[in-house]
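[1] with the input below, show me the fold.
(one chain, ligands or ions: 1)
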Amino acid sequence: VVGALVAGTLAGCTPSADQNGDAVPGVIPAPVEFELRADAAPFPVTAETRIVVVAEGDAAVAAESLGVAERFAEPLRRATGFAIPVEAGPQGGSGNGTGDGGTAGPAASDLVFVVAAGEAPGDAVEGYTLESGADGVRLAASTAEGLYRGTQTLRQLLPAQLEGAGGARASTGLDPQSSPQAAADPQWQVPAASVADAPRFAYRGAMLDVARHFRPVDDVLRYLDEIALLKLNALHLHLTDDQGWRIAIDAWPELTGVGASTSVDGDGGGFYTKDDYRRIVAYAAERYITIVPELDLPGHTNAALSAYPELNADGVAPAPYEGIEVGFSSLSAAPERTEATDRFLADVTREVAELTPGPWLHLGGDESLATSTEDYLDLLRRITAAGAATGKTVIGWHEMGASPVLPPGTIGQYWSFVEPQEGAAELTRSFVEQGGRVILSPADVAYLDMKYGDVADGAAAEDPRAGALGLEWADGPTTLAEAYGWDPTAIVRGIGEREILGIEAPVWTETLRSLDDVEFMAFPRLLAIAEIAWSPAPAAGPDGSAGTRDLEDFVERVATLGVRLDAMGVDHFRVAGVPWR
Ligand code: TNX
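    Prediction:
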């Protein structure tokens, strides 16, 4: 039987071809255990197919699980034309399984979604198991969240045409994009497979800088859809910077009245009303993604300073800023500004925290180069205290580790290089020494706004954006292989598996004017970061040395997922070294 497996566990899950020579699906991020049985009959999706949801526990869990099933069913209905009803199974608990018209027990033609204690490997909140074959599909998890993550694997096992016109993109209600693949008539089937999966790190994030260039709500919703496919569970919104303040604050209306009018290069302003932000939070929650709002303080504050003279050391509001320099602006630590500054800090942190159901509030702390160390530490103390007073756990860029009085549990976000630059390692360890943990975003591998280092080939060579978009300060351009080839536990001495809350890939938008630009920079490199965040560490070498990931296997799966990105209408750079189809 072993010989019949075309793919084994992570180390050997090389995609292969079925009897027709068609590529079988590869899944990104790679599951912990993944077997595809090419010789076994697949599960056919037909007009009879139902999704039967069997949820143990209270009615809320059942309702939530039905919601997850509905979100999976919608694009499948649209793409196949089949009814695909979602029904509560015998233990569904919502009354659907009894009386006349009650749901019959699961049949071989059904997708059965189970949510019950003990179903996920290790009972992990986000874990799931998946069994598929001719006698049905069984997707099981311990929570609705785990079920949702599992549906993203199931989605990747179905033909890419699932995502085409009328597919997942259309479920956002945003202009659906057709694709060349949408025309073809695919085999609606799930290959025979066994999957057991759970994430390596609890926090798997993407960051979008909506301050340098504002992105409207619909663009953020699209990006949420895209990162959900990769099982990311956090979207960090960089809401404020020198070039714009993008979130309405009732107590300080000119933050957006004045501070949201500009962006880099004068490309127009914009901001989120509180209802806009609530819409983003709700859409993210349906995908089990936590919104992490960032108010970048005390530096990166020209937009706020331009709106309120009383926040400035000299009492004079500066002009709006449309350049891309950093490190020139700061709140003031002067005694005569204390009252206004502390009122500002209390109001902005409270109002944003009130809008945010997630546990985190990111308060920046980076590149505060316009203050003395003494003033910086004084401001940090007041900023983090204001943040903690909201009840949220504070996150800060690693510079915030300079503060010896961080609120309990404060999380540090590391943005130096794979080889830590001056002081970054010490600053990062300070968070752990004070009881917190660390999010890793090493800029030379995880900053998706760095120019592509991959030499383009074929048609890609003619894509002028590869040379034009992005910055280069983080040790030059970054290749897909570099984004994939780093080990989170080997960055900062003393920061190992237990100290790492997770991994995040930021997109800064100084040079990025549209969602297409953002997507182009993020894809495919975000696939690499998502896999590092979710998939197990590669097995150590026989001599105990750190293992390396299988780049060849990865790029094959990137090529497979590329067809899906096309169908979703997600712009991406066809980097050299990937056998794009
Ligand atoms: C550094 S990383 C910044 C941002 C820039 C980015 C550009 C960090 C905490 N600060 O202000 O946008 O580089 O790559």
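[2] export stretch 283-299 as PDB, just CAs?
    Extracted in PDB, the C-alpha atoms of stretch 283-299 (Å, rounded to 0.1, in the frame of the first residue of the first chain):
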ATOM      1  CA  TYR A 283     -15.600  40.200   7.300                       C
ATOM      2  CA  ALA A 284     -12.300  39.100   8.900                       C
ATOM      3  CA  ALA A 285     -14.100  37.400  11.700                       C
ATOM      4  CA  GLU A 286     -16.100  35.200   9.300                       C
ATOM      5  CA  ARG A 287     -12.700  34.000   8.100                       C
ATOM      6  CA  TYR A 288     -11.300  33.600  11.600                       C
ATOM      7  CA  ILE A 289      -8.900  36.400  11.000                       C
ATOM      8  CA  THR A 290      -8.200  38.900  13.800                       C
ATOM      9  CA  ILE A 291      -7.700  42.600  12.900                       C
ATOM     10  CA  VAL A 292      -4.700  44.100  14.600                       C
ATOM     11  CA  PRO A 293      -4.900  47.900  14.400                       C
ATOM     12  CA  GLU A 294      -1.700  49.900  14.600                       C
ATOM     13  CA  LEU A 295      -1.500  53.500  15.700                       C
ATOM     14  CA  ASP A 296       2.200  54.300  15.100                       C
ATOM     15  CA  LEU A 297       3.500  56.400  18.000                       C
ATOM     16  CA  PRO A 298       5.400  58.500  19.000                       C
ATOM     17  CA  GLY A 299       7.200  58.900  15.700                       C
END
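[3] that stretch: which residues count as buried?
    Residues 283-284, 287-299 are the ones in stretch 283-299 that count as buried (16 or more other C-beta atoms under 10 Å). Every C-beta, even on glycine, is put in place using the N, C-alpha and C of the backbone.
[4] so which of those comes closest to the ligand?
    Checking the buried residues of stretch 283-299 against the ligand by C-beta to the nearest ligand atom gives residue 296 as the nearest, at 7.8 Å.
[5] would you say that closest one is within a strand?
    Yes. Assigned with DSSP: H, G, I helix; E, B strand; the rest coil, residue 296 falls within a strand.
[6] may I ask you to confirm that it is in contact with residue 244?
    No. Using C-beta atoms under 8 Å, residue 296 is not in contact with residue 244, being 11.0 Å away.
[7] for the spatially closest residue to residue 408 that is not a sequence neighbour, which residues are in contact?
    Spatially, and ignoring its direct neighbours in sequence, residue 408 is nearest to residue 435 (5.4 Å; C-beta to C-beta, 6 or more residues apart in numbering). Contact analysis of residue 435 by C-beta atoms under 8 Å, 6 or more residues apart in numbering lists 408, 409, 410.
[8] so which of the residues you listed reach the ligand?
    Subset of those in contact with the ligand: empty, counting by C-beta under 6 Å from any ligand atom.
[9] most neighbours among these, which one?
    Using other C-beta atoms under 10 Å as the neighbour test, those are led by residue 410, with 24 neighbours.
[10] okay, residue 491 and residue 440: tell me how far apart.
    6 Å (C-beta to C-beta, to the nearest Å).
[11] which parts of stretch 566-581 are buried?
    By neighbour count with 16+ other C-beta under 10 Å, stretch 566-581 contains the buried residues 566-576, 578, 580.
[12] make JSON lines out of the residues you listed and add distance to residue 189, pLDDT and secondary structure.
    Output for the buried residues of stretch 566-581, formatted as JSON lines (distance: C-beta to C-beta, whole Å; pLDDT from 0 to 100; DSSP: H, G, I helix; E, B strand; the rest coil):
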{"residue": "566", "distance to residue 189": "20", "pLDDT": "96", "secondary structure": "helix"}
{"residue": "567", "distance to residue 189": "17", "pLDDT": "96", "secondary structure": "helix"}
{"residue": "568", "distance to residue 189": "20", "pLDDT": "97", "secondary structure": "helix"}
{"residue": "569", "distance to residue 189": "24", "pLDDT": "97", "secondary structure": "coil"}
{"residue": "570", "distance to residue 189": "24", "pLDDT": "98", "secondary structure": "coil"}
{"residue": "571", "distance to residue 189": "29", "pLDDT": "97", "secondary structure": "coil"}
{"residue": "572", "distance to residue 189": "26", "pLDDT": "96", "secondary structure": "coil"}
{"residue": "573", "distance to residue 189": "31", "pLDDT": "95", "secondary structure": "coil"}
{"residue": "574", "distance to residue 189": "28", "pLDDT": "93", "secondary structure": "coil"}
{"residue": "575", "distance to residue 189": "30", "pLDDT": "92", "secondary structure": "coil"}
{"residue": "576", "distance to residue 189": "33", "pLDDT": "90", "secondary structure": "coil"}
{"residue": "578", "distance to residue 189": "26", "pLDDT": "94", "secondary structure": "coil"}
{"residue": "580", "distance to residue 189": "24", "pLDDT": "94", "secondary structure": "coil"}
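[13] now the stretch 451-581 of the chain against the ligand: closest residue?
    Taking C-beta to the nearest ligand atom, the stretch 451-581 of the chain has residue 508 as its residue nearest the ligand, at 3.5 Å.
[14] show me what the host helix or strand of residue 305 is packed against.
    Applying DSSP states H and E as the criterion places residue 305 in helix 302-307. Packing partners of helix 302-307 (3 or more C-beta pairs under 8 Å, 6 or more residues apart in numbering; DSSP states H and E): strand 240-241, strand 244-245, helix 254-257.
[15] model confidence over that helix, on average?
    Helix 302-307 shows a mean pLDDT of 98.
[16] repeat that for stretch 194-212.
    Stretch 194-212 comes out with an average pLDDT of 98.
[17] circling back to that earlier point, of the contacts of residue 435, closest to the ligand?
    Using C-beta to the nearest ligand atom, those come closest to the ligand at residue 410, 15.8 Å.
[18] so how far is residue 360 from that closest one?
    10 Å.
[19] now render the contacts of residue 435 as TSV, adding secondary structure.
    Below are the contacts of residue 435 laid out as TSV (three-state DSSP):
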residue	secondary structure
408	coil
409	coil
410	coil
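[20] return every residue with contacts to both of residue 491 and residue 440.
    Joint contacts of residue 491 and residue 440 (C-beta under 8 Å, 6+ apart) are residue 414.
[21] rewinding a little: I'd like the contacts of residue 435 laid out as CSV, including distance to residue 353 and pLDDT.
    Output for these, formatted as CSV (distance: C-beta to C-beta, whole Å; pLDDT from 0 to 100):
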residue, distance to residue 353, pLDDT
408, 16, 94
409, 15, 97
410, 15, 98
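[22] let me know the closest of the residues you listed to residue 336.
    residue 410 (28.9 Å; C-beta to C-beta).
[23] and the closest one, what does it touch?
    Counting by C-beta under 8 Å, 6+ apart, the residues that residue 410 touches are 384, 393, 394, 395, 396, 400, 431, 434, 435, 436.
[24] likewise residue 570?
    Listed by C-beta under 8 Å, 6+ apart, the contact partners of residue 570 are 226, 519, 523.
[25] nearest to residue 138, of those residues?
    In terms of C-beta to C-beta, no member of those lies closer to residue 138 than residue 226, at 27.5 Å.
[26] where in the stretch 251-400 of the chain is pLDDT low?
    Judged by pLDDT under 70, the stretch 251-400 of the chain has no weakly predicted residues.
[27] up against the ligand, what does it have?
    With C-beta under 6 Å from any ligand atom as the criterion, the stretch 251-400 of the chain meets the ligand at residues 326, 366, 367, 397.
[28] neighbour-wise, which one of those residues leads?
    Using other C-beta under 10 Å as the neighbour test, these are led by residue 397, with 25 neighbours.
[29] which ones are touching residue 377?
    So residue 377 contacts 402, 403, 404 (C-beta under 8 Å, 6+ apart).
[30] please list all residues in contact with the single nearest residue of the stretch 1-150 of the chain relative to the ligand.
    The ligand sits closest to residue 29 of the stretch 1-150 of the chain, with a gap of 24.2 Å, by C-beta to the nearest ligand atom. Counting by C-beta under 8 Å, 6+ apart, residue 29 touches 230, 231, 527, 530, 531, 533, 534, 535.
[31] in a markdown table, list these along with pLDDT.
    A markdown table is the format used below for the contacts of residue 29 (pLDDT from 0 to 100):
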| residue | pLDDT |
| --- | --- |
| 230 | 98 |
| 231 | 98 |
| 527 | 98 |
| 530 | 98 |
| 531 | 98 |
| 533 | 98 |
| 534 | 98 |
| 535 | 97 |
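[32] alright, I will stop here.
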